[in-house]
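> Okay, here's the prediction I keep looking at, along with the sequence it came from:
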Amino acid sequence: MLTRVALFVLLHVLVFVSSILAQRNSKNLIKVNPLSTAIASTVSLSYERVIARSTSLQLSTSYTYGMIHPDLDNIVFAGLAGPVFSTVWGYSIVPELRYYFSAHGAPEGWFLGPFLRYQQYEVLDPGITFSGSAIYNLYSVRNIGFGVIVGRQWVLENGIAIALFAGPYLQSANQELIEGRASDTMNAPPFVSNGFGLRAGVTVGYAF
């Protein structure tokens, strides 16, 4: 009788463990970027889904909340020496396709990831008129770009996922003045960047 009970319990344990492993094999990952929060006052969240043995799709979104950005264009502002600052609010959306080169397949190992990126911000930016007086301008800034990253992702036995990545991008920026006198100022707002740049980061998350 005890043997039958033990076999019954063991069978259910094996079914339970198999179901967990099946879920792990589906390889969904939820990740955050702690560096963006610590350095840039940005909350970043990513979801990655394996769609083939070596391929996955990832969607990342972030929200920047009142980031203080040093405006190095104006070292002297309103008669005071030192850098001046801009305040930034906004979000970004980044869809990405990842191809993994490891024998294990996605989502572990080295990967190549082409991506698109859309960013929209509101920037409260200090400026100096040609007459030398100080003003503040409020801009709406939109950046659209694409690029490719190279990275490495580790998925530990407990499901913790850690990734490092970096790569170039090319983007086009558009700014719209909401309030102020931009035509009479000497400096452009931050986050208006046309041309090449570098996207890099660290993510920490969980695979399930």
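Received the coordinates, thanks. Because the structure is predicted, anything quoted here is derived from the model rather than measured. Numbering: from 1, shown residues only.
> Tell me which residues touch the residue nearest to residue 176 when sequence neighbours are not counted, please.
Nearest residue to residue 176, sequence neighbours excluded (CB to CB, 6 or more residues apart in numbering): residue 140, at 4.5 Å. For every residue, glycine as well, the C-beta is placed using N, CA and C. Each residue near residue 140 by CB atoms under 8 Å, 6 or more residues apart in numbering is listed here: 120-122, 175-176, 178.
> all strands for the protein, in order.
Applying DSSP state E to the chain gives strands spanning 28-32, 42-52, 55-71, 76-77, 80-81, 84-100, 109-128, 134-155, 160-179, 195-207.
> Could I get those strands in JSON lines, plus columns for mean pLDDT?
Supplementary listing: the strands of the chain in JSON lines, determined by pLDDT from 0 to 100:
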{"stretch": "strand 28-32", "mean pLDDT": "97"}
{"stretch": "strand 42-52", "mean pLDDT": "96"}
{"stretch": "strand 55-71", "mean pLDDT": "84"}
{"stretch": "strand 76-77", "mean pLDDT": "48"}
{"stretch": "strand 80-81", "mean pLDDT": "46"}
{"stretch": "strand 84-100", "mean pLDDT": "91"}
{"stretch": "strand 109-128", "mean pLDDT": "90"}
{"stretch": "strand 134-155", "mean pLDDT": "91"}
{"stretch": "strand 160-179", "mean pLDDT": "92"}
{"stretch": "strand 195-207", "mean pLDDT": "94"}
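> between the contacts of residue 140, which is nearest residue 54?
For these, the closest approach to residue 54 (CB to CB) belongs to residue 120, at 33.1 Å.
> gap between that closest one and residue 142?
From residue 120 across to residue 142, the span is 5 Å (CB to CB, to the nearest Å).
> Surely residue 58 and residue 116 touch.
No: with contact defined as CB atoms under 8 Å, residue 58 does not reach residue 116; the gap is 11.5 Å.
> Need the overlap of contacts for these two.
Joint contacts of residue 58 and residue 116 (CB under 8 Å, 6+ apart) are 94-96.
> before we move on, the earlier item: quick one: which of residue 58 and residue 116 has more around it?
residue 58 (21 against 14; other CB atoms under 10 Å).
> tell me, how many neighbours does residue 49 end up with?
Neighbour tally, residue 49, other CB under 10 Å: 14.
> That one against residue 28, yeah?
Yes: counting by CB under 8 Å, residue 28 is a contact partner of residue 49 at 5.7 Å.
> contacting residues for residue 52?
Counted by CB under 8 Å, 6+ apart, residue 52 has contacts residue 106.
> Now do it against residue 35, distance only.
30 Å.
> circling back to that earlier point, just the shared contacts of residue 58 and residue 116 now: which is nearest residue 198?
For those, the nearest to residue 198 is residue 94 (14.3 Å; CB to CB).
> OK, contacts around the closest one?
58-61, 115-118.
> List buried residues within these.
58, 60, 115, 117 (16 or more other CB atoms under 10 Å).
> Which strand residues bridge the first one?
I take that to be residue 58. Note on residue 58: beta-bridge partners by DSSP bridges are residue 48, residue 96.
> Now residue 108: closest residue in space that isn't a chain neighbour?
Once flanking residues are discounted, residue 108 sits nearest to residue 155: 5.0 Å by CB to CB, 6+ apart.
> what sits against the one you found?
For residue 155, the contact set (CB under 8 Å, 6+ apart) comprises 29, 107-108, 161, 207.
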